[in-house]
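> model this:
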Amino acid sequence: MLSIGELLANTLSGGRLFPFSNLYHVVNFSDQQLREDASRQLEQAQQSNYPVYVSMLCTELHNEQAASYIRNSAGLALKNSLISSEASRRNEITQRWLNMDEETRQQIKQMVLTTLGSSDQRAAATAAQVVSAISAIELPAGQWTDLMKNLLENVTTTDNSQLKISTLMAIGFVCESIDSEILAAQSGAILTAVVSGARKEEPNQEVRKAAIDALYNSLEFIRENFDREGERNYIMQVVCEATQSSDVNVQVAAFECLVRIMQIYYDKMRFYMEKALFGLTVLGMKHEDERVALQAVEFWSTVCDEELELMSEAAEAQETGEQPDRLSHNFAKAALPEILPVLLWLLTKQDEEADEDDWNVSMAAGTCLALLAQCVEDAVVAPVIPFVENHIRHNDWRFREAAVMAFGSILEGPEHKLLAGLVNQALPVLIEMMRDPSPQVKDTTAWTLGRVSELLIECIKPDVHLRPLITALVYGLKDSPRIVSNCCWALMSLSDQFGSKEISQSAYHLSPYFEGIITALLETTERSTNESNSRTSSYECISILVQGAALDCFPTIQKLTVTILDRLEATIQAQNQIVGSDERLAHSELQSNLCSVLTSIIRKLRTEVSPFADRIMTVLLSLFTTATKHSTTLEDGFLAVGAVTTAMEADFVRYLEAFAPFLYAALSNHEEYQLCSIAVGLIGDICRALQEQSLPYCDTFMNVLLQNLQSPVLNRSVKPAILSCFGDIALAISGRFEVYLEVVMMVLAQASNMRATDGTNYDMIDYVIALREGILEAYVGIVQGLKTGEKADLLLRYIEQIFSFLNMTWNDHEKTEIIIRSMIGLIGDLAEAFPNGQIKQWFQYDCVTQVLKEGRNNRSLPNGTREVTRWAREVCSTIYILFISVIIALTLYHYLDGQASNPVRSHYSNIVNIAPPLTSYHHGSESLQNIRVDSIMAILHDGSG
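Okay, the predicted model is just below:
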């Protein structure tokens, strides 16, 4: 068997092992097989004997005689065996490591720490990552308690610069990955060690850079230190001095650190902005090295981001009549006279040969200017317009492009009234500039026209501007791929503004141009490559235009349907002719684009798609047959099937038998969880469309869904959708859902126990919210379905479960608008399902009155939620009135007791007999005998019921 070093070498490029040119073809032919075999053997080694596997990797990383790339590969493999982005997998990895014997773990940790001092910089840097990965497991478990002590000694007691550098890297990685509370007691010592390496007195600039990088990674960790003014002053002094280092790499790292500090500690920056940061960052923006200038510009972009967030918070606080928690220092407004001229100057520093994917200082300046305009609003207009006017006709293309970029960047933020006149003057010039000889100018002009269409559509007068504007944009579709993408975006913005996705108008402003635009876009999509995403953008533009089209465009859309189906069929026929992974990827992307357009067509035509339905489903089924298990085309194809389902409704049943095997395969494909999620949604679509005709398939649907809930492999993001799907099935088959009720209610009860505790990460909070949304949707569907099937009484045994969930959800401060609306809807559905008051005592829960009051009084909730609230309150009012009537009747009945001949007593006796005994009603542990009638009347009068 090959050694670990040989296996690692074989997982890498064969050219590294066989560098001779005459062996290239042999290596190229065998490389893939060699890599796959080596990777498989390494995976088997990891699975069969993990302690031996990681020990061998660590030994190779520590081996000073091994080649650098082998050591690096060993270290990365070791690190990757210790980390995972998925919580369930992370827990498994943690237990696997901690279950290893102490001696093996100790040997590995010691070798990794020793490797930090290796003369091989790559191996030392990789060792720093391994240290971090192990510490993320052991430190929270109370182990490796001397780690920080050892690392700090490396920094403070050694003259080995390489050891200092790699140790500082390790400290930064550890601080970044570990909860600050775990190392809180050592934060002072850590900060001292890091800052000592970052001081200007440090002679080795590589050590200084590593120290600043470590400080960057530990900024979240040192919050308590940063809160203390003396320590904060020293940190800021060290970082600011580093921006003036003679080493450009140190300067870049220092400015990166300032960006992060502004992001985390904005509230504490006023003093430092006045004393140093204004001047340092303006000088940095003018730096001859673009890397420094980029970070200095990023600093001001971050300032604008923070202040925009504070503006949003202040607006929300004003709406609720409260004071905002934080105040803006208005740094951007104060710095406007200083930074704006520099940004405008930087806009002219374009590189003619620059790749569009390269982030350069001109792009950064444009982004910063756009953010600045949103921050300072009207104040940005007056100083920018002279720059635009002076340079828009300049002989140098750089100044023309900068002028257009500046104009486009300030269109969001200032008042529309202030911009309207300027845009009206600029539109003819911009339209003309779509024929500028410079491709860069045309590209930015198309982007600016898109911004005008998106933000200031009222300035585009259809009878004056629309024809020349569309002509210019369609002309741009024949240009370079980069310009095509921005022309498509401008056309999409026009469609979004003039069209309607919800209600089809009889005609709209783009109707006269619709067919011509579609034809031009189809021609653009026939290009052989997808450079700059031009083909994808063109198909996306077609989709958006179809979605917003008016009724008079339907004939063109029907022609388009045939074209798209022809093209999709052609791609299926060409499937076996594809060679190479790149070509296969491009082919899959093309099929996805075509499926997306087809989905938009189906959704737009709705019932009018019927004449094409057979052919559409035939093509899609052929696509599914030829697609591989991991093809992304399947996702887009399934979305198209979902659109057909909605459009055809009950008629879709004739396709279900043929489609079902592909649906079941997707539901069982747990590795491709996004496809699985779409398939779950498709079950809901099918059940809604077919209603009771879906009954023969429901047993299989339910079994697969329940199996997916139990799967440890399936990504948890799919599971809320599964719960919601239970509601769709119940709605479709109404009373027939009885056979599934017990198991589903048990599942929902178990899911309800999932909570996000204090300190839980945001991903878990989002998951719990999604889970609760799914549970509520399931309850709503089940209640409505059983009510329709006249089997609502089956729910009586689960009423306590439902209301307990409502109470828990309401009392959790993490609630979305969807949760509130669903809770209100569920309360209304329950009231409708039991109109005779069988569960009226449960409507006295505080959470019921509070959520209804929230729906009524919270003005920030959308109109849809408030409409649901109004309906639910009306339904619940009927229950309350019946409840009060029974109590009054009981009171009068007992008052008139003994007067057997009294007709009034006889009348109230009849009322009493329609209700369950009074002793069966409880409000928590309190009998309703103790509830006073006047308090119930007060609730009704208050309107909170």
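> would you mark the buried spots in whichever helix or strand N91 is part of?
Element membership for N91 (DSSP states H and E) is helix 87-98. By 16 or more other CB atoms under 10 Å, the buried positions in helix 87-98 come out as 93-94, 96-97. (Glycine included, C-beta is placed from N, CA and C.)
> N858: which of the residues you listed is nearest?
Among these, T94 lies closest to N858 (CB to CB), at 42.5 Å.
> which residue is the nearest non-sequential neighbour of that closest one?
Distances taken as CB to CB, 6 or more residues apart in numbering put I137 closest to T94, at 5.1 Å, once the chain neighbours are dropped.
> for the one you found, what are its contacts?
Residues near I137 by CB atoms under 8 Å, 6 or more residues apart in numbering: 82, 93-94, 97-98.
> may I see the buried residues of helix 87-98 organised as JSON lines, with distance to L456 and pLDDT added?
Conversion of the buried residues of helix 87-98 to JSON lines gives the following (distance: CB to CB, whole Å; pLDDT from 0 to 100):
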{"residue": "I93", "distance to L456": "53", "pLDDT": "88"}
{"residue": "T94", "distance to L456": "54", "pLDDT": "90"}
{"residue": "R96", "distance to L456": "58", "pLDDT": "90"}
{"residue": "W97", "distance to L456": "58", "pLDDT": "91"}
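> what about A315, neighbour count?
The tally of other residues near A315 (other CB atoms under 10 Å) stands at 10.
> read off the pLDDT value for it.
On pLDDT, A315 comes in at 88.
> which parts of the helix or strand it falls within are buried?
Using DSSP H and E, A315 falls within helix 290-319. By neighbour count with 16+ other CB under 10 Å, helix 290-319 contains the buried residues 290, 292-308, 310-311, 314.
> list the buried ones in the helix or strand that the helix holding N91 is followed by?
Sequence order places helix 102-115 as the next helix or strand after helix 87-98, per DSSP H and E. Under the neighbour-count criterion of 16+ other CB under 10 Å, helix 102-115 has 105, 108-109, 111-113, 115 buried.
> taking helix 87-98 as reference, get the angle to helix 102-115.
For helix 102-115 against helix 87-98, the angle by axes from the mean of the first three to the mean of the last three CA atoms, to 10 degrees is 100 degrees.
> tell me the contacts of the spatially closest residue to L639 that is not a sequence neighbour?
Of all residues not flanking L639 in the chain, T599 sits nearest, at 5.2 Å (CB to CB, 6+ apart). Taking CB under 8 Å, 6+ apart, we find T599 in contact with 543, 636, 639-640, 642-643.
> and the end-to-end length of stretch 138-147?
10 Å (CA to CA, to the nearest Å).
> pull out the buried residues from it.
138-139, 144, 147.
> which residues does it contact?
Against stretch 138-147 from outside (CB under 8 Å, 6+ apart): 94, 97-98, 109, 131, 134-135, 174, 178-179, 182-183.
> name the nearest residue to E377, ignoring sequence neighbours.
Per CB to CB, 6+ apart, closest to E377 is G413, 4.9 Å.
> for the stretch 801-945 of the chain, just list every one of the helices.
817-833, 846-857, 863-895, 903-913, 933-942 (DSSP state H, counting those that start in this stretch).
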